[in-house]
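1. model the structure of this input:
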Amino acid sequence: MTMKFDELEIAALLTNRTIQSQVQQLKAQWAFRDLDDGDFFALLLLAPAIGLAMANGSISLYEELALNKKARHFSKGNYFLRKDPIMEGMSKFINDFAQFEQPSYELLARVMANALARYPEVALRPAQTEFDPPDFRAVLLNGPYVVVKMLGALFLNDEDLILQPRGISRTEYDKLVIIGQYLGLGNTEIFQAFCQTYTLP
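-> Okay, here's the model as predicted:
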């Protein structure tokens, strides 16, 4: 299955008043006042993908196109005839990403914790010392929908299948692991199984 968040799912994640308040505080602090809360939150959801794209020091044309496509999927309307606020906001977000990266991950960690509150025994089961490779896919398939959806939406391109093996550079893989730690998932079975769907050169 492909992994996307649509506008209704983004709105659902913002129903938590604490999360919404924190989103509004960051939006005001970073002077993104022209964006509504949902559009600004979509920028925060793009942070892991931007972090991975920038892991090698710059964003390639392919990565830029993939980010643009992901941003457009988060948009709430048809922007062929007018400027897309998320696309415009993403340019500023990327230019000042060193400032925005860490706070974005911290807020997404709270979102993740809130989303997983009902599934701690499944979603946050500690990783074993070793995985048996045939079990990687089973771990993901048996995980809560919200976890699998967030992993795909945060880290994958829209065309990617979450269980499909993908190539990744060592630098990007190391960044993936770091972001997972920031999100509070680094030592969990489901995140480590997800990481194993990547292949290193």
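
2. how many other residues sit next to M112?
-> Using other CB atoms under 10 Å, M112 is surrounded by 22 other residues. All C-beta spots, glycine's among them, are computed from the backbone N, C-alpha and C.

3. got it, and M150?
-> When neighbours are counted by other CB under 10 Å, M150 registers 25.

4. pretty sure it is touching A109, no?
-> No - applying CB atoms under 8 Å as the test, M150 and A109 come out as separate, 11.3 Å apart.

5. tell me the gap between the lengthiest helix in the chain and the middle of its chain.
-> The longest helix of the chain (DSSP state H) is helix 97-115. Helix 97-115 sits 9 Å away from the centroid of its parent chain (CA atoms, centre = their mean, to the nearest Å).

6. can you tell me the element the spatially most central residue of the chain falls in?
-> Closest residue to the average C-alpha location of the chain: L154 at 1.8 Å, with CA atoms, centre = their mean. Taking DSSP states H and E as the criterion, L154 maps to helix 145-155.

7. what mean pLDDT does that helix have?
-> The average of the pLDDT scores along helix 145-155 is 84.

8. got the angle between that helix and helix 97-115?
-> Relative orientation of helix 145-155 versus helix 97-115 (axes from the mean of the first three to the mean of the last three CA atoms, to 10 degrees): 170 degrees.

9. what is helix 145-155 packed up against?
-> helix 37-53, helix 97-115, helix 189-195 (3 or more CB pairs under 8 Å, 6 or more residues apart in numbering; DSSP states H and E).

10. what's the closest of these to L183?
-> helix 97-115 (4.9 Å; CB to CB).

11. quick one: contacts of the closest one?
-> 13, 16, 18-19, 22-23, 26, 30, 43-45, 47-48, 50-51, 54, 93, 146-147, 150, 154, 179, 182-185 (CB atoms under 8 Å, 6 or more residues apart in numbering).
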